[in-house]
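> make a model of this:
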Amino acid sequence: MPPPPNAAPPAVQPPPGQAAPPANVPRFAQPAPPAEKKPNLRGTNPEAVELGRRFIAFGDARFGTQEYADASQRYRKATEAAPRLAEGYFRQGYALIALGRYDAAARVFKRGLGIDPD
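Numbering: from 1, shown residues only. Presented below is the predicted three-dimensional model:
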């Protein structure tokens with residue numbers, strides 16, 4: 001049997017560890033419970049590293065045919081997919097040198113060395 005039309009909605013219980021909101025505050029005005037924080041794992045999970053390695057392989061193929069601009073873009077995609085993979089930065093640096101963009105290459109090499117100084 002449905003509740004009568006003028007019945008009050010059921011009371012909402014607060015999550016454990018939180019106080020109940022005052023009775024005179026409408027539900028829509030109550031603050032939302034805090035969202036769970038997820039760790040920032042961008043580029044560190046195995047799928048991202050694998051994707052980064054695949055972009056590096058695509059870049060290597062372009063570099064081998066002397067398509068340096070395209071190779072540089074593929075290496076940049078590798079660094080976007082897996083920013084903790086230093087190999088992408090180093091290879092992008094070599095492609096930038098082949099294009100004569102020495103300042104950009106130096107910046108990329110420094111970034112790669114910041115991740116993996118060896």
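> quick one: mean pLDDT for the longest helix seen in the chain?
Criterion DSSP state H: the longest helix present in the chain is helix 46-64. Helix 46-64 carries an average pLDDT of 95.
> equivalent analysis for stretch 74-91, please.
For stretch 74-91, mean pLDDT rounds to 95.
> please export the C-alpha coordinates of that stretch as PDB.
This file holds the C-alpha atoms of stretch 74-91, laid out as PDB (Å, rounded to 0.1, in the frame of the first residue of the first chain):
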ATOM      1  CA  ARG A  74      54.500  10.300 -31.300                       C
ATOM      2  CA  TYR A  75      57.100  10.600 -28.500                       C
ATOM      3  CA  ARG A  76      55.200  13.500 -27.100                       C
ATOM      4  CA  LYS A  77      52.100  11.300 -27.000                       C
ATOM      5  CA  ALA A  78      54.100   8.700 -25.200                       C
ATOM      6  CA  THR A  79      55.100  11.300 -22.500                       C
ATOM      7  CA  GLU A  80      51.400  12.300 -22.200                       C
ATOM      8  CA  ALA A  81      50.300   8.700 -21.800                       C
ATOM      9  CA  ALA A  82      53.100   7.800 -19.300                       C
ATOM     10  CA  PRO A  83      54.700  10.900 -17.900                       C
ATOM     11  CA  ARG A  84      56.900   8.800 -15.600                       C
ATOM     12  CA  LEU A  85      58.500   7.000 -18.600                       C
ATOM     13  CA  ALA A  86      61.700   8.900 -19.200                       C
ATOM     14  CA  GLU A  87      62.500   7.100 -22.400                       C
ATOM     15  CA  GLY A  88      59.800   9.000 -24.200                       C
ATOM     16  CA  TYR A  89      61.400  12.300 -23.200                       C
ATOM     17  CA  PHE A  90      64.800  11.300 -24.400                       C
ATOM     18  CA  ARG A  91      63.600  10.000 -27.800                       C
END
